[in-house]
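>>> from the sequence below, what's the structure:
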Amino acid sequence: MVAGPRRRARSSFAAAGNVGGDRRGGRRAGGVLVGGRSVRPLPSRGQARVLAHGTPAGGRVIVFVRHGQTDANRDGLLLGRADPSLNERGREQSAALATMLAGELKAGTRVLTSPLRRAVETADAIAAACAGTVECDARLIELDYGDWDQHRLLELPQDVVVRWRRDPDFAPPNGESLREVRGRMADFVAALLAPGSDDTVVAVSHVSPIKAAILVALDLDDTYSWRMRLDVASISRVAPGPAGPVLLSFNERV
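This next block holds a predicted model:
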């Protein structure tokens, strides 16, 4: 068969990072931008049985879940240690996440969660669907935005925002740096992917810790966090592989 003409790849890479806020409430399939094109994640069902690059089937999978929507997410605000509940849309999203995961989680699955209310409420819905157990883990808490909490990114001095994006050691006033978040998530990923663990675990967290966990798993620099869009009520999956952790899916949307 003769191949048709190849389409030219787009030269620009559309950065789609997000920190804290998320105004999108509609349904759409998640994906990663590669070469300017949206690449859909692997199907959720059966992923543990069909893993990339020879990853053994039946091993542990960490199912990272970003919590459902709050009013602050809807309004595009940075949301760190402030502790609002889910809004109505967020509760609907949590129920949909629970339904999506119920068919693949074993009864009694551990559901680890950030101690913040929006994550706990999401975790409770998922645990109820699989007769799971909810455990708070402080490592999963959101980045501390300090004095920037519940402000819009555009309200901040833009030279400071540029520095924040370039320097993983920079922290908002009275807040926490991306490097610090990476440190606690490196410990979390190493502990959960330790040899001998083969049960799937759900980890309900926030945008910055989940991105940090994925960057740790793939051995990527912290600055890549700004080129990853992770929506509220999304699922991302990491599993052990022969050459290191494998990213099975990213930003699956309910």
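>>> all strands for the stretch 101-250 of the chain, in order.
110-113, 133-136, 201-205, 234-239, 246-253 (DSSP state E, counting those that start in this stretch).
>>> against which helices or strands is the third one packed?
Counting contacts by 3 or more CB pairs under 8 Å, 6 or more residues apart in numbering; DSSP states H and E, the secondary-structure elements packed against strand 201-205 are strand 62-66, strand 110-113, helix 117-129, helix 178-192, helix 207-218. To be clear about C-beta, it is placed using only N, CA and C from the backbone, and glycine gets the same treatment.
>>> let's see it at 10 Å
Packing partners of strand 201-205 (3 or more CB pairs under 10 Å, 6 or more residues apart in numbering; DSSP states H and E): strand 62-66, helix 88-102, strand 110-113, helix 117-129, strand 133-136, helix 178-192, helix 207-218, strand 234-239.
>>> mind exporting the C-alpha coordinates of that strand to PDB?
Extracted C-alpha coordinates of strand 201-205, given in PDB (Å, rounded to 0.1, in the frame of the first residue of the first chain):
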ATOM      1  CA  VAL A 201      -4.600   2.600  45.300                       C
ATOM      2  CA  VAL A 202      -6.600   5.800  44.600                       C
ATOM      3  CA  ALA A 203      -5.000   9.100  45.600                       C
ATOM      4  CA  VAL A 204      -7.400  12.100  45.700                       C
ATOM      5  CA  SER A 205      -5.400  15.300  45.600                       C
END
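>>> angle of that strand against helix 207-218?
140 degrees (axes from the mean of the first three to the mean of the last three CA atoms, to 10 degrees).
>>> centre of the chain to strand 201-205, how far?
9 Å (CA atoms, centre = their mean, to the nearest Å).
>>> kindly report the same for stretch 180-189.
With CA atoms, centre = their mean, you get 14 Å for stretch 180-189.
>>> buried residues in that stretch, which are they?
By 16 or more other CB atoms under 10 Å, the buried positions in stretch 180-189 come out as 180-182, 184-186, 188-189.
>>> follow-up on the earlier one: Gly146 is nearest to which of the helices and strands packed on strand 201-205?
Smallest distance to Gly146 across these (CB to CB): 11.8 Å, for helix 178-192.
>>> now for that closest one, which elements pack on it?
Against helix 178-192 (3+ CB pairs under 10 Å, 6+ apart) you get strand 62-66, strand 110-113, strand 201-205, helix 207-218.
>>> next, format those as JSON lines and append mean neighbour count, mean pLDDT and distance to Asn73.
Converted to JSON lines, these look like this (neighbours: other CB atoms under 10 Å; pLDDT from 0 to 100; distance: least, CB to CB, whole Å):
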{"stretch": "strand 62-66", "mean neighbour count": "27", "mean pLDDT": "99", "distance to Asn73": "10"}
{"stretch": "strand 110-113", "mean neighbour count": "23", "mean pLDDT": "98", "distance to Asn73": "17"}
{"stretch": "strand 201-205", "mean neighbour count": "26", "mean pLDDT": "99", "distance to Asn73": "14"}
{"stretch": "helix 207-218", "mean neighbour count": "24", "mean pLDDT": "98", "distance to Asn73": "9"}
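>>> to Val162, which of the ones you listed lies closest?
Comparing the helices and strands packed on helix 178-192 by CB to CB, helix 207-218 comes nearest, at 18.1 Å.
>>> touching, Val238 and Lys211? I think so.
No - counting by CB atoms under 10 Å, Val238 stays clear of Lys211, with 11.8 Å between them.
>>> joint contacts of those two?
64, 250 (CB atoms under 10 Å, 6 or more residues apart in numbering).
>>> in CSV, list the helices and strands packed on helix 178-192 along with distance to Asn251.
As requested, the helices and strands packed on helix 178-192 are exported to CSV (distance: least, CB to CB, whole Å):
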stretch, distance to Asn251
strand 62-66, 9
strand 110-113, 19
strand 201-205, 14
helix 207-218, 9
